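1. I'll drop the sequence and a predicted model, then ask my questions.
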Amino acid sequence: MEVRVFDDADALGRFAAEQVIEAIKTSPDAVIGLATGSSPLPLYAAWAELAREQSLDQSRVRGFALDEYAGIDPEHPESYHTVITKTVVEPVGLSPELVLVPAADATTEAAAEYEAAIVEAGGVDVQILGIGRNGHLGFNEPGSPLDSRTRKIELTAETITDNARFFASSADVPTHAITQGLGTIMDARKLVIVAVGEAKAAAVAAAINGPITEALPASVAQRHPNVVYVLDRAAASQLP
């Protein structure tokens with residue numbers, strides 16, 4: 001495990017983006033796992049900038065989103081179909097038809113098809129991740145099996161509260177989601193976990209130094225052979 005701590009968002013984003021750029025340079029048809037939320041935004045901004053600076057050919061790069069709200073209209077401004085398009089696909093310059101997001105109907109069949117599509121693509125080369133205040137990865141809430149696969153899951157009250165800032169009120173936040181499982185995430189060849197802000201500090205410290213437990217889903221990353229945490233000072237404030 002590698003842990004890198006940065007003093008400003010630009011440096012953090014650039015380092016994190018370089019992990020993705022390196023994979024694309026190695027394999028022009030690289031498969032990148034895409035996370036939503038606030039923490040990865042500096043990575044996406046830097047990725048777009050680096051790609052322009054280096055005239056990087058990304059026409060064959062493929063992407064798989066981590067999750068999607070269940071039952072949401074894909075055209076809704078807070079659906080992850082929309083968010084991934086606006087924060088990643090368009091600014092970075094990816095081919096929209098090569099970037100997939102889990103189906104909002106969240107059926108068992110849709111989950112199985114998503115798993116199969118990742119396998120057919122050759123697996124994820126770099127999985128971008130945030131980490132929730134309760135230690136969730138994707139929408140794998142505490143109690144999720146460490147070997148879980150893509151599935152529908154009920155969101156905790158804490159996650160709904162945290163995500164309410166993107167909606168008119170907590171009552172408007174969907175209560176369920178479809179998410180890649182922890183086992184699915186762990187199949188990626190590299191994990192880049194980005195955390196920003198003091199609110200993430202306790203979860204980061206427990207995920208890195210605590211026991212591996214379903215109570216803190218992010219702790220499973222300790223078992224991964226190639227994982228880097230990219231943190232600002234606040235998110236790293238509870239590390240030794």
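-> That came through, no problem.

2. after the host helix or strand of Gln19, which helix or strand is next?
-> Assigning secondary structure by DSSP states H and E places Gln19 in helix 9-26. The helix or strand immediately downstream of helix 9-26 is strand 31-34, counting by DSSP H and E.

3. average model confidence for that following strand?
-> Averaging pLDDT along strand 31-34 gives 98.

4. following it, which helix or strand comes up?
-> With DSSP H and E, the next secondary element past strand 31-34 is helix 41-53.

5. mind listing what's buried along that following helix?
-> 41-51 (16 or more other CB atoms under 10 Å). In short, each C-beta sits where N, CA and C put it, glycine included.

6. do the same with stretch 105-114
-> For stretch 105-114, using 16+ other CB under 10 Å, the buried residues are 106, 110-111, 114.

7. report the rounded mean pLDDT for the helix holding Gln19.
-> Rounded mean pLDDT across helix 9-26 is 97.

8. list the buried residues for it?
-> Buried residues in helix 9-26 (16+ other CB under 10 Å): 12-17, 19-21, 23-24.

9. returning to what we had before: with distance to Thr175 and pLDDT added, can I get the buried residues of helix 41-53 in JSON lines?
-> Output for these, formatted as JSON lines (distance: CB to CB, whole Å; pLDDT from 0 to 100):
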{"residue": "Leu41", "distance to Thr175": "25", "pLDDT": "96"}
{"residue": "Pro42", "distance to Thr175": "30", "pLDDT": "96"}
{"residue": "Leu43", "distance to Thr175": "28", "pLDDT": "97"}
{"residue": "Tyr44", "distance to Thr175": "27", "pLDDT": "97"}
{"residue": "Ala45", "distance to Thr175": "31", "pLDDT": "97"}
{"residue": "Ala46", "distance to Thr175": "34", "pLDDT": "98"}
{"residue": "Trp47", "distance to Thr175": "32", "pLDDT": "98"}
{"residue": "Ala48", "distance to Thr175": "33", "pLDDT": "97"}
{"residue": "Glu49", "distance to Thr175": "37", "pLDDT": "97"}
{"residue": "Leu50", "distance to Thr175": "38", "pLDDT": "97"}
{"residue": "Ala51", "distance to Thr175": "37", "pLDDT": "96"}
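
10. give me the most central residue, the chain.
-> Ala35 (2.6 Å; CA atoms, centre = their mean).

11. what segments of the chain are strands?
-> Along the chain, counting by DSSP state E, strands occupy 2-6, 31-34, 62-65, 67-69, 99-100, 126-129, 151-154, 176-179, 190-195, 227-232.

12. fine, thanks again, bye for now.
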